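Undergrad: here is the input, now give the coordinates:
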Amino acid sequence: MRTDPSPPLSASPGSSGAAWRLALAVALLPGAVRSASAASGTTSRFDKPAPVTVEQLDRSALAAVSAVEVDDYRPGHYAGPLTPSPPHADLNPQRAVIVCWKNRPERLVFSHEASYCPLLELPDGAAMCDQFFEGNLGEAELFNSNGRKEKNSFVDVIQNGPARAWVRWTYFAVNQKDDAQPRLRGTEDYFACSNGLILRRLTYESLMPGAVVGYSTQPVELFGVAPRDATLASLFPEDPAHHDFLTLAAQDLYSDQRYEIYWSATGSVRRHGDDDTLDAIARSRGCALVLPFKQELLFAILGPASGFPADMNQLIDHCTPGARGGLGWGTARWDHWPVGWLNSQASDWTPASPYPYSFGSIGQFFVPAGKRITSFRRDYPVYCEDMALNRWTAGRVFYVLLGAARDWAEIRRIGRGWLDQGPRGANPDSIAELR
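TA: Numbers count the residues shown, from 1 in each chain. Predicted coordinates for the structure are as follows:
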């Protein structure tokens with residue numbers, strides 16, 4: 001699979017000039033209205049479609065897959081006021097670009113309120129988030145007031161159906177107190193195929209190349225989003241023997257190994273699988289991070305063929321107390337995002353919270369070849385200071401396959417069908433026939 005920074009379709013993530021963006025957007029924008037002046041014979045005009053409301057988003061009238069701008073989206077079906085709060089955005093905080101399918105229930109949402117960090121969302125408001133290039137040491141991110149500003153995080157619809165929608169997300173990871181000096185710039189392209197699968201292509205460049213905090217070693221992390229008043233019982237399947245709920249999982253696509261994390265309504269965490277199981281899955285030919293919602297299983301697939309070398313790839317269970325390398329969060333839930341009520345990493349959810357909440361996680365980290373994080377607080381800061389590792393992550397292009405499935409066998413079949421294509425898997429066309 002491609003590891004050079006020049007992605008397919010001749011679209012360079014490093015190209016951020018206004019002229020290039022305008023030319024590409026104009027050239028590929030479907031649905032634009034074009035009218036020629038009879039007087040000159042040379043004048044053309046392109047009209048950008050106006051935003052619609054979520055209620056007006058009629059799937060039956062759309063193409064097989066479409067990217068549509070709306071101006072009244074609320075994460076997690078949140079219906080309360082958006083003030084008082086930080087200045088969520090210098091534009092409409094309810095702005096979103098929604099990728100939706102004519103014949104599939106899920107949708108991919110780039111919500112301004114969530115800093116445009118994409119949410120693969122089910123009809124009940126439950127969703128999967130796979131994070132972004134967060135600055136080393138947590139020093140710079142997007143889930144804060146500065147990160148929500150349009151100048152620091154924005155999206156462009158480059159292609160809008162009918163067979164494929166293409167949305168580009170550009171962001172600057174910034175400090176929560178001061179965004180005068182962004183730490184890094186991330187560029188992520190999402191190619192949504194008419195069959196419901198999404199190819200995520202991600203890369204970044206350091207804007208502080210001499211500083212450890214100008215880099216990232218964590219491009220993927222499995223988080224969930226739950227709508228207000230959602231319970232574990234309403235979201236996830238119950239284990240009849242233990243009366244707890246399968247909440248997060250990592251699956252080896254090339255064996256029967258699966259690492260499962262169960263949460264109970266009383267706050268306890270149980271895992272099926274041990275540290276060695278999770279490490280073997282991280283080192284396998286391919287793995288899937290899964291949120292096993294009752295409605296559908298939401299997944300993110302990655303492997304060595306998609307830019308994640310086995311000897312540098314580590315998965316960390318941050319939920320289970322005592323798990324190798326984890327922080328032991330337990331059944332941690334936060335309501336500071338996706339509704340941007342408080343500023344960054346600040347608000348623990350309680351049952352009385354009126355907001356949607358995020359939860360998790362299983363984190364993916366790059367580590368120096370042959371190394372492993374065994375104590376997060378001790379080892380993670382040390383590995384962040386490895387400048388050879390930092391320059392390696394900044395010089396790569398990574399690919400992740402996202403989607404929803406009915407069962408575990410479908411995830412395995414889709415994942416192997418993609419990764420087994422090798423270098424061709426970097427091409428968005430590689431996912432068109434997987435379902």
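Undergrad: contacting residues for I373?
TA: For I373, the contact set (Cβ atoms under 8 Å, 6 or more residues apart in numbering) comprises Q314, I316, R324, G325, F365, V367, D379, Y380, Y383. From N, CA and C alone the C-beta is placed, and that goes for glycine too.
Undergrad: go again with 7 Å.
TA: By Cβ atoms under 7 Å, 6 or more residues apart in numbering, the contact set of I373 is Q314, I316, G325, F365, V367, D379, Y380, Y383.
Undergrad: A409: neighbour count?
TA: 9 (other Cβ atoms under 10 Å).
Undergrad: helix or strand: which one has it?
TA: For A409, the element it lies in under DSSP states H and E is helix 408-419.
Undergrad: so how far is P240 from G303?
TA: For G303, the distance to P240 (Cβ to Cβ, to the nearest Å) stands at 33 Å.
Undergrad: okay, these two: which has more neighbours?
TA: More crowded of G303 and P240, by other Cβ under 10 Å: G303, with 28 against 6.
Undergrad: ok, back up a step: would a markdown table of the contacts of I373 with pLDDT, secondary structure and distance to A140 be doable?
TA: Formatted as a markdown table, the contacts of I373 follow (pLDDT from 0 to 100; DSSP: H, G, I helix; E, B strand; the rest coil; distance: Cβ to Cβ, whole Å):
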| residue | pLDDT | secondary structure | distance to A140 |
| --- | --- | --- | --- |
| Q314 | 98 | strand | 21 |
| I316 | 98 | strand | 20 |
| G325 | 98 | coil | 22 |
| F365 | 98 | strand | 17 |
| V367 | 98 | coil | 20 |
| D379 | 98 | helix | 21 |
| Y380 | 98 | helix | 15 |
| Y383 | 98 | helix | 17 |
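Undergrad: which among these gets closest to T350?
TA: Using Cβ to Cβ, I316 is the member of those that sits closest to T350, with 25.9 Å.
Undergrad: I figured that closest one hits G326, correct?
TA: Yes - the pair I316 / G326 is scored as a contact, 5.4 Å apart, by Cβ atoms under 7 Å.
Undergrad: so for this protein, the centremost residue is which one?
TA: By Cα atoms, centre = their mean, the chain has its centre lying nearest to D130, at 3.3 Å.
Undergrad: ok, now how distant is it from G196?
TA: 16 Å.
Undergrad: related to what we said a few turns ago, most widely separated two among the contacts of I373?
TA: I316 and Y383 (12.1 Å).
Undergrad: neighbour-wise, which of the two wins?
TA: Ranked by neighbour count (other Cβ under 10 Å), I316 and Y383 place I316 first, with 25 against 19.
Undergrad: so for P87, what's the pLDDT?
TA: For P87, the model assigns a pLDDT of 52.
Undergrad: and what of K48?
TA: 77.
Undergrad: likewise for W20?
TA: W20 is given a pLDDT of 32.
Undergrad: which parts of this structure are helices?
TA: For the chain, helices defined by DSSP state H occupy the ranges 18-28, 232-235, 275-282, 376-384, 387-394, 408-419.
Undergrad: among these, which is nearest E121?
TA: Closest approach to E121 among the helices of the chain (Cβ to Cβ): helix 232-235, 13.0 Å.
Undergrad: and the closest one, what's buried?
TA: L232, L235 (16 or more other Cβ atoms under 10 Å).
Undergrad: quick one: average pLDDT of that helix?
TA: Mean predicted lDDT for helix 232-235 stands at 97.
Undergrad: restrict it to CA atoms and write it as CSV.
TA: Extracted in CSV, the C-alpha atoms of helix 232-235 (Å, rounded to 0.1, in the frame of the first residue of the first chain):
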residue,chain,number,x,y,z
LEU,A,232,-25.5,0.5,28.2
ALA,A,233,-28.6,-1.8,28.0
SER,A,234,-30.1,0.3,25.2
LEU,A,235,-26.9,0.5,23.2
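Undergrad: run through who's touching that helix.
TA: A126, A226, F245, T247, W263, A265, F293, K294.
Undergrad: save the residues you listed as CSV, and put in pLDDT too.
TA: Below are these laid out as CSV (pLDDT from 0 to 100):
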residue, pLDDT
A126, 96
A226, 94
F245, 98
T247, 98
W263, 98
A265, 95
F293, 98
K294, 97
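Undergrad: from the residues you listed, which would you call buried?
TA: Neighbour-count burial (16+ other Cβ under 10 Å) applied to the contacts of helix 232-235 gives A126, A226, F245, T247, W263, F293.
Undergrad: could I get the residues you listed as JSON lines with distance to G425?
TA: Putting the buried ones among the contacts of helix 232-235 into JSON lines (distance: Cβ to Cβ, whole Å) gives the following:
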{"residue": "A126", "distance to G425": "28"}
{"residue": "A226", "distance to G425": "32"}
{"residue": "F245", "distance to G425": "33"}
{"residue": "T247", "distance to G425": "29"}
{"residue": "W263", "distance to G425": "33"}
{"residue": "F293", "distance to G425": "26"}
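Undergrad: tell me which two of those residues sit farthest apart.
TA: A126 and W263 (14.3 Å).
Undergrad: low-scoring stretches of the protein, by residue?
TA: 1-46, 82-89, 91, 337-346 (pLDDT under 70).
Undergrad: and P304, how close does it get to L253?
TA: Plainly put, P304 is 12 Å away from L253 if you go by Cβ to Cβ.
Undergrad: looking at those two, which one has more neighbours?
TA: Neighbour totals were compared for P304 and L253, and L253 leads with 24 against 17 (other Cβ under 10 Å).
Undergrad: which residues sit in contact with the more buried one?
TA: Contacts for L253 (Cβ under 7 Å, 6+ apart) come out as G286, C287, A288, R412, G415, R416.
Undergrad: most neighbours out of those, which is it?
TA: Going by other Cβ under 10 Å, C287 tops the contacts of L253 with 30 neighbours.
Undergrad: which residues touch it?
TA: So C287 contacts A250, Q251, D252, L253, I281, L302, G303 (Cβ under 7 Å, 6+ apart).
Undergrad: list just the nearest of those to L62.
TA: L302 (29.6 Å).
Undergrad: is that closest one in contact with F308, as I believe?
TA: Yes - with contact defined as Cβ under 7 Å, L302 reaches F308; the gap is 4.9 Å.
Undergrad: surely D71 and R95 touch.
TA: Yes - counting by Cβ under 7 Å, R95 is a contact partner of D71 at 5.8 Å.
Undergrad: so between these two, which is more surrounded?
TA: Counted by other Cβ under 10 Å, D71 and R95 do not tie: R95 has more neighbours, with 20 against 15.
Undergrad: show me what contacts the more buried one?
TA: Going by Cβ under 7 Å, 6+ apart, R95 touches D71, H112.
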